[in-house]
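>>> I need the structure of the sequence given here:
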Amino acid sequence: MSAATLRGQTLLLLGASGGIGAALAKQLAAQGANLIITGRNLVPLQRLATQLATKTQCVAADLSNLAGREQLLLALPDKLDGVVFAAGSNDFALFEQQDPCKIRQLFELNALLPILLTRALLPRLTPQARLVYVGSTLGAIGYPGYAAYGASKAALKHFVQALRREMADTALQFCYIAPRATQTSMNTLAAQQLNQALGSKTDQPDWVAEQILTQLTATRMQDKNLGLPERLFIRLNALLPSLLDKALRKQLTTIKQFARRQAPGLTHNALAEVKNVPASDKGAYK
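Purely as a prediction, here's the structure:
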């Protein structure tokens with residue numbers, strides 16, 4: 001696939017109203033792709049669609065529940081040439097203070113949702129369809145303040161790798177792209193302040209979207225970890241994790257300063273909070 005072949009292709013973009021998703025929608029539209037953009041709220045999607053010089057369908061649905069996913073599936077065409085999973089959630093916090101419901105939500109949105117949607121979308125994919133999953137460098141590096149978030153992205157990374165190998169005897173392509181810190185509304189003020197305090201570089205959504213577009217138009221897609229220092233840290237973490245342990249230990253006081261919350265979200269009844277899932281959510285996965 002080359003950039004020219006995106007013209008007329010039908011692509012599903014999940015999380016289009018987010019920073020990276022909106023930037024990618026504009027770049028895909030500029031290449032002439034027909035887009036189906038999704039998000040929780042219709043107004044931001046419609047606003048984005050007015051900026052896209054291409055055929056665009058907006059689908060507003062809460063994909064965290066069965067009804068929302070069924071709504072999306074009913075709205076989709078029979079064939080899709082590509083899917084980009086850019087929806088997700090973050091929560092920068094000390095694990096001991098993190099709301100158990102938020103931990104559950106992180107895994108639902110960042111891991112379980114794309115896995116279940118991939119399963120549901122497989123019959124609609126054209127033989128050479130491409131699927132891109134937006135992850136995080138924290139899915140490969142255990143980082144203080146991001147224990148649950150990083151674990152959810154690690155689950156997604158493992159899924160994509162396994163599915164790519166399982167589907168290696170087909171023409172389908174699967175790619176996991178891991179941005180580093182990106183300037184989007186998903187990052188809290190505390191997370192932004194931590195990045196500034198540590199001198200961590202952050203990327204613009206447009207640049208991250210360009211990296212995704214590069215993979216979508218490459219002859220053969222490849223997993224990508226964005227940011228040179230982050231790629232080195234990921235390799236170091238895999239080969240000599242104790243060295244990274246020591247480096248992060250030196251930063252721990254600063255990290256905890258920004259990650260600590262005034263009112264802990266974790267209570268003595270935390271396990272009960274996790275168990276008491278609303279009846280409407282039970283059996284909500286398809």
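
>>> who touches whichever strand or helix holds I36?
Assessed by DSSP states H and E, I36 sits inside strand 34-39. Applying Cβ atoms under 8 Å, 6 or more residues apart in numbering, the contact partners of strand 34-39 are 8-18, 21, 25, 28-29, 45, 48-49, 52, 54-61, 63, 72, 75-77, 87. Glycine gets a C-beta too; all of them are placed from N, C-alpha and C.

>>> Can you flag the buried ones in these?
Buried subset of the contacts of strand 34-39 (neighbour count, 16 or more other Cβ atoms under 10 Å): 9-18, 21, 25, 28-29, 45, 48-49, 52, 54, 56-61, 63, 72, 76, 87.

>>> Restricted to strands, list these.
10-14, 56-60 (DSSP state E).

>>> now, which of those sits nearest P241?
Proximity to P241 was ranked across those by Cβ to Cβ; first place goes to L14, at 32.6 Å.

>>> got a pLDDT number for the closest one?
pLDDT for L14: 97.

>>> For the residue nearest to it when sequence neighbours are not counted, give me its contacts.
Sequence neighbours aside, A87 is the residue nearest to L14 in space, at 4.6 Å (criterion: Cβ to Cβ, 6 or more residues apart in numbering). Taking Cβ under 8 Å, 6+ apart, we find A87 in contact with 14-15, 18, 21, 38-39, 63, 109, 113-114.

>>> any idea which of those is least confident?
Here the lowest pLDDT out of the contacts of A87 sits on G18, with 88.

>>> Report how many residues lie close to the nearest residue to C175 once chain neighbours are set aside.
Leaving aside its chain neighbours, C175 sits nearest to M221 (4.0 Å; criterion: Cβ to Cβ, 6+ apart). As a burial measure, M221 scores 20 neighbours (other Cβ atoms under 10 Å).
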